[in-house]
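Peer 1: Build me a structure from this.
(chains A, B, C and D, ligands or ions: 2)
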Protein chains: 2
Amino acid sequence: MLKLSRLTDYAVVALVRLSAADCVETSPGIAAAIGVPEPTVAKVLKALAGHGLVISSRGARGGYRLGRPLNEIAVSEVIMAIDGPIALTSCVDGASGCESQSLCPVAGRWDPVNDAIRSALSRISLADMEAASIPTAFRLPVVAPMNEVV
Amino acid sequence: MLKLSRLTDYAVVALVRLSAADCVETSPGIAAAIGVPEPTVAKVLKALAGHGLVISSRGARGGYRLGRPLNEIAVSEVIMAIDGPIALTSCVDGASGCESQSLCPVAGRWDPVNDAIRSALSRISLADMEAASIPTAFRLPVVAPMNEVV
DNA sequence: CCAATCAGGACCGCTTAGGTCCACTATCGG
DNA sequence: CCGATAGTGGACCTAAGCGGTCCTGATTGG
Ligand code: SF4
Ligand code: SF4
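Peer 2: Numbers count the residues shown, from 1 in each chain, chains lettered A, B, ... in the order given. Ligands and ions are numbered 1, 2, ... in the order given. As a prediction, this is how the structure comes out:
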């Protein structure tokens, strides 16, 4: 349906959330803040850490913090970190994943379309998505960060 | 993986192929021309006919022909005809398919990103994809159209 | 009347994404 | 030095969507 995976969506949400609290935050904390099951958000954070989008601190009082300011992170980076490379069809970038490639009249012709999407996504930063958002005061207070046990 | 479905890809291929032979062509003929199983391409053609992208003629000597010149067909139209609407996440267009929508800091903020992709895809016509293609003479002759049984 | 061809839908198998869990390691605080 | 805390990496399982096939009508030309 030309939709990106839910994990990618969660990654963006987690990053934006992580910038709101610019201090170190644990994955259970983030999970509670954005209303996503903890193991899932943990997996997302792991992948993000592997690509340098977040910095991880181990041990007690560890957690995650942003590896880069939000306006330096493009949407396409998050997508590629979680979802893998952006490839509309099997024949982009000269990849040979299509068996009817030899007699396909549009073989390799998806590349411009693919690049159009890539550039469109790389021009939008997470800060853009956050900036256009409704003012923070308007949002629900949700759960206060790590105040009490349930 | 942010890839479009294979059926959508086949739809574009079929449309381009259909414009090469501007006469009426049957679905088995198209299937043989582009090297795709016949039932599959038939299903694609049906969907395209339902959206007016191709005109169908029933009965003997029937078949499909383009409903519009190629340069009037945007890539986004084909995608929407086969793959459904372009919706990166569950919360675009105000849809409420996400249960964490109430406490999501970026709820509804995917819309600009979504629209960017939509406009990028609607600005590219199938003629653009065909035009940039390698000259037809360079392509393999593949199967001569309906010459002989196997 | 017959053959060809599209229309529409039911159906099924496979892939893959989504989600969960566990054992391990590193770090901090006492 | 020890134990609690928190990330790391991987295996694993389930569910849903997609790709693909087939069958039964409806329609039109010969
Ligand atoms: S455009 Fe042609 S070659 Fe490329 S993936 Fe689609 S069918 Fe295969
Ligand atoms: S952006 Fe937020 S509300 Fe929208 S689909 Fe993702 S998690 Fe749900």
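Peer 1: Which residues of chain A lie near ligand 1?
Peer 2: Residues of chain A found near ligand 1 (C-beta under 6 Å from any ligand atom) are A:89, A:90, A:91, A:98, A:100, A:101, A:104, A:106, A:107, A:110. The way it works is simple: take the backbone N, C-alpha and C, and place the C-beta from them, glycine included.
Peer 1: Tell me the buried residues in the longest helix seen in chain A?
Peer 2: Selection of the longest helix in chain A by residue count, based on DSSP state H, yields helix A:6-20. Burial within helix A:6-20, assessed by neighbour count using 16 or more other C-beta atoms under 10 Å in any protein chain shown, is assigned to A:8, A:9, A:10, A:11, A:12, A:13, A:14, A:15, A:16, A:17, A:18, A:19.
Peer 1: tell me which residues in the helix or strand where residue A:115 lies are buried?
Peer 2: In this structure, residue A:115 sits in helix A:111-122 according to DSSP states H and E. Within helix A:111-122, the residues that count as buried by 16+ other C-beta under 10 Å are A:111, A:113, A:114, A:116, A:117, A:118, A:120, A:121.
Peer 1: With respect to residue B:27, which of the residues you listed is nearest?
Peer 2: Looking at those and their distance to residue B:27, the nearest is residue A:113, at 25.3 Å (C-beta to C-beta).
Peer 1: Quick check, pLDDT for that closest one.
Peer 2: The score at residue A:113 is 92. That number is its pLDDT.
Peer 1: next one: residue A:130
Peer 2: Residue-level confidence at residue A:130 comes out at 83, pLDDT.
Peer 1: That one and chain B: what is the separation?
Peer 2: Remark: distance between residue A:130 and chain B (C-beta to the nearest C-beta, to the nearest Å) = 7 Å.
Peer 1: Please name the nearest non-neighbouring residue to the residue of chain A found nearest ligand 2.
Peer 2: Scanning chain A for the residue nearest ligand 2 gives residue A:9, at 3.9 Å (criterion: C-beta to the nearest ligand atom). Counting by C-beta to C-beta, 6 or more residues apart in numbering or on different chains, the nearest residue to residue A:9 once its immediate chain neighbours are dropped is residue B:89, at 5.1 Å.
Peer 1: measure the residue located most distally from the centre of chain A to residue A:36 for me?
Peer 2: Largest separation from the mean C-alpha position in chain A: residue A:103, at 37.0 Å (C-alpha atoms, centre = their mean). Here the criterion is C-beta to C-beta, to the nearest Å. By it, residue A:103 lies 46 Å from residue A:36.
Peer 1: And for residue A:45?
Peer 2: Summarising the geometry, the distance separating residue A:45 from residue A:36, computed by C-beta to C-beta, is 11 Å.
Peer 1: Equivalent analysis for residue A:12, please.
Peer 2: Taken as C-beta to C-beta, the spacing of residue A:12 relative to residue A:36 amounts to 12 Å.
Peer 1: residues making contact with stretch A:83-99?
Peer 2: With C-beta atoms under 8 Å, 6 or more residues apart in numbering or on different chains as the test, stretch A:83-99 has contacts from A:4-5, A:7-8, A:76, A:79-80, A:101, A:104, A:107-108, A:110-111, A:113-114, A:117-118, A:121, B:1-4, B:6, B:9, B:35.
Peer 1: near DNA strand D, from those residues?
Peer 2: The residues of the contacts of stretch A:83-99 that also fall near DNA strand D, by C-beta under 7 Å from any atom of the strand, are residue B:6.
Peer 1: Residue A:56 falls within a strand, correct?
Peer 2: Yes: checked against DSSP: H, G, I helix; E, B strand; the rest coil, residue A:56 lies within a strand.
Peer 1: What's opposite it in the beta bridge?
Peer 2: Beta-bridge pairing of residue A:56 under DSSP bridges involves residue A:64.
Peer 1: tell me the contacts of it?
Peer 2: Residue A:56 makes contacts with A:45, A:49, A:62, A:63, A:64, as judged by C-beta under 8 Å, 6+ apart.
Peer 1: repeat that with 10 Å
Peer 2: Contacts for residue A:56 were tallied using C-beta atoms under 10 Å, 6 or more residues apart in numbering or on different chains; they are A:24, A:27, A:45, A:46, A:48, A:49, A:50, A:62, A:63, A:64, A:65, A:67.
Peer 1: circling back: I'd assumed residue A:3 was in contact with the residue of chain A closest to ligand 2.
Peer 2: Yes: taking C-beta atoms under 10 Å as the contact criterion, residue A:9 and residue A:3 are neighbours in contact, 9.1 Å apart.
Peer 1: helix, strand or coil for the residue in chain A that DNA strand C sits nearest to?
Peer 2: The minimum distance from chain A to DNA strand C, using C-beta to the nearest atom of the strand, falls at residue A:59 (2.4 Å). Per three-state DSSP, the local secondary structure of residue A:59 is coil.
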